[in-house]
Structures are given as C-alpha cells and as structure tokens.
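J.: just need the structure, nothing else, for what follows:
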Amino acid sequence: MKRFPWILTVLTVLALILLIGLGVWQVQRLKWKEGLIAAADAAAAEPPAPLDQVLGEGDLEFRKALIVCPGLASAPFIELQSIHDGEAGVRLISACKPAGADFSLLIDRGFVGDGVTARPRVVETTLPLVMVGEFRTFDKPGAMSPAPRDGRFYARDTAAMAKALNVTGPVRPEAVFAVTAVNPEFPALRPSAPPAAFSNNHFGYALTWFGLAIALAGFYVALLRRRTKKDAPQEASHRVRGDRKEEKS
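T.: Residues are numbered from 1 along each chain as shown. As a prediction, the model looks like this:
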C-alpha cells in the first residue's frame, strides 16, 4: 500500500478501547446488581425481629420488624395515589410512634382500590397494635412530582406527609409497609409491600457494547483488506512500467 490509513487506525483503536471499556463496566455492574438482589432476597427472607434489633442492624432495606403502634388501627391517615397489581387506588399512610421510642414512623397501612369509597374509622385511642412492617427506602420526589391536593399525595414525601399528619418530633426517613393486617375489620384495605424494583439488564448492555466492538473491528479489517486489494493492481502496474523503461534504456 502506498499510504497506511493511520488516522482511521487511531480512531478505530480509540473507539474499540471505549466500547470494550463500556462492556467491562457493564459486566462489573452486573455483578454488583446480582449482589444487591441477593442481599435484598436474604433480607426479605429473614424472620421479623424486634424493632430495636432491626434498627441496630444498619441496612434496613427489605428488613421486617415487629412494631408496637398504639392507636394505629384508628389513626388519622393521608392517601397516596398508587397502583397495586394493575389496579388503581390509594395507599393509606399513618404516623406511628412506637412504644418506648422518641421518633415516629410513617406506616403504609395498605392499599384500597378506587372502587372502594369507605375508609377505616378515625378515633383517637392508645390501644396498642402489634404489626409486622417491612422497611423500604425511596428517593425524594423530584421537582416535577405533582403537589398533594385535598389530602391526597402523588409521591412519597416524608416531610410533607409528616406535616400533613401533624407529627411532632423526629421522623425516620424510611417507609414502613404493613405486611400484616392493621384493620382486619376492613378487608378492603390490603396490606402489602411493593416488589423489588430491580432492573437487571446489564448482561444485555454488555453484549451490546462487546458486539459493537466486534462489528467495528470487522469493519476496519474489511476496509483495510479492500484497500489492500485496490492498491495491489496499481503497484503491479507501476512495476511493469518500471520494467519496460529499464528494457528501453
């Protein structure tokens, strides 16, 4: 070849480094996500433990705790717009100050479908209620989240919910989902915790980046071979002309 495509070669090498690096990063993300899912599954499989013990463990995500909430069954509540198993409705959120604690928890008492207009009664009482709650953490709502209207919220905003429920004192930032019935007399209220929202597409992403790297390498080799074949006749023609000149001289 008369001229080696140095610029194309350098750009191809840089692009290959980038694509392979992205593929390796996705493989690392895959391993991290698998570890995260395994840890969540392990935490969810743990039996409920007393609240003090669970809070002392550090990582609360998916952990279940036995909580004594005085007056929770008839406590005031706010409604959080939600979807449960494809059904639109609301989740009822109440404040709970666990027995002997100096903080409050926001308890998600369960889901009520839009077709149900009745609600649990609200009566001030200190009757103790023992429940099993699952701790979950959520990101703070973004600026585009709709503002609450008429006691109904459209995003989990711990501070705003606590204020709407007239909670005084510190409030833990986690959401606690009741997984046992808080109001057995009101079966329309279905206690549940949402499934883990882990998306694990990193294997597919890694294959995509590695596939692009292979395709780029193949394209470069094919282009180089085509260029070589194109230059070969020209070089042969030049050699023939050179030989003829030598014979004439």
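
J.: correct me, but residue 19 touches residue 213?
T.: Yes. Between residue 19 and residue 213 there is a contact at 3.9 Å, judged by Cβ atoms under 8 Å. (Each C-beta comes from the backbone N, C-alpha and C, glycine too.)

J.: list the buried residues of stretch 82-96.
T.: Using 16 or more other Cβ atoms under 10 Å as the test for burial, stretch 82-96 gives 82, 84, 89, 90, 91, 92, 93, 94, 95, 96.

J.: looking at these, which gets the smallest pLDDT?
T.: Lowest pLDDT within these is found at residue 84 (88).

J.: hey, what's that residue bridged with?
T.: Beta bridges link residue 84 to residue 87, judged by DSSP bridges.

J.: that one: what's it in contact with?
T.: Applying Cβ atoms under 8 Å, 6 or more residues apart in numbering to residue 84 gives the contacts 91, 111, 113, 190, 192.

J.: the second one in helix, strand or coil?
T.: The three-state assignment at residue 111 reads strand, by DSSP: H, G, I helix; E, B strand; the rest coil.

J.: pull the number of nearby residues for it.
T.: 23 (other Cβ atoms under 10 Å).

J.: do you know how far the closest residue to it other than its chain neighbours is from residue 114?
T.: With Cβ to Cβ, 6 or more residues apart in numbering as the criterion, residue 111 has its nearest non-adjacent residue at 4.3 Å, and that residue is residue 84. Noted for residue 84: a distance of 11 Å to residue 114, by Cβ to Cβ, to the nearest Å.

J.: same check on residue 18?
T.: Using Cβ to Cβ, residue 18 is found at 49 Å from residue 114.

J.: neighbour count winner among these two?
T.: Each of residue 18 and residue 114 has its neighbours counted (other Cβ under 10 Å); residue 18 has more, 14 against 10.

J.: contacts only, for that one.
T.: By Cβ under 8 Å, 6+ apart, the contact set of residue 18 is empty.

J.: let's verify it: helix, strand, or coil?
T.: Per three-state DSSP, residue 18 ends up helix.

J.: ditto for the one 4 residues further on
T.: Recorded secondary structure, residue 22: helix (three-state DSSP).

J.: separation between it and residue 226?
T.: In this view, residue 22 and residue 226 are 28 Å apart by Cβ to Cβ.

J.: and residue 24, by the same measure?
T.: Residue 24 sits 31 Å away from residue 226, going by Cβ to Cβ.

J.: so those two - more neighbours on which side?
T.: Set residue 24 next to residue 226 and count neighbours by other Cβ under 10 Å: residue 24 wins out with 13 against 10.

J.: burial measure for residue 4, as a count.
T.: Neighbours of residue 4 using other Cβ under 10 Å come to 10.

J.: ok, the one 5 residues further on next?
T.: Residue crowding around residue 9 was assessed by other Cβ under 10 Å; the count is 12.

J.: what does the one 4 residues further on give?
T.: Residue crowding around residue 13 was assessed by other Cβ under 10 Å; the count is 12.

J.: pull the contacting residues for it.
T.: Per Cβ under 8 Å, 6+ apart, neighbours of residue 13: none.

J.: and it, what element?
T.: Remark: residue 13 resides in helix 6-45, with elements defined by DSSP states H and E.

J.: for that helix, the distance to its chain's centre please.
T.: Offset of helix 6-45 from its chain centre (Cα atoms, centre = their mean, to the nearest Å): 17 Å.

J.: tell me the mean pLDDT over the helix or strand just after it?
T.: Scanning forward in sequence from helix 6-45 by DSSP H and E, the next helix or strand is strand 49-50. Mean pLDDT, strand 49-50: 92.

J.: what's the answer for stretch 174-193, then?
T.: In the prediction, stretch 174-193 has an average pLDDT of 92.
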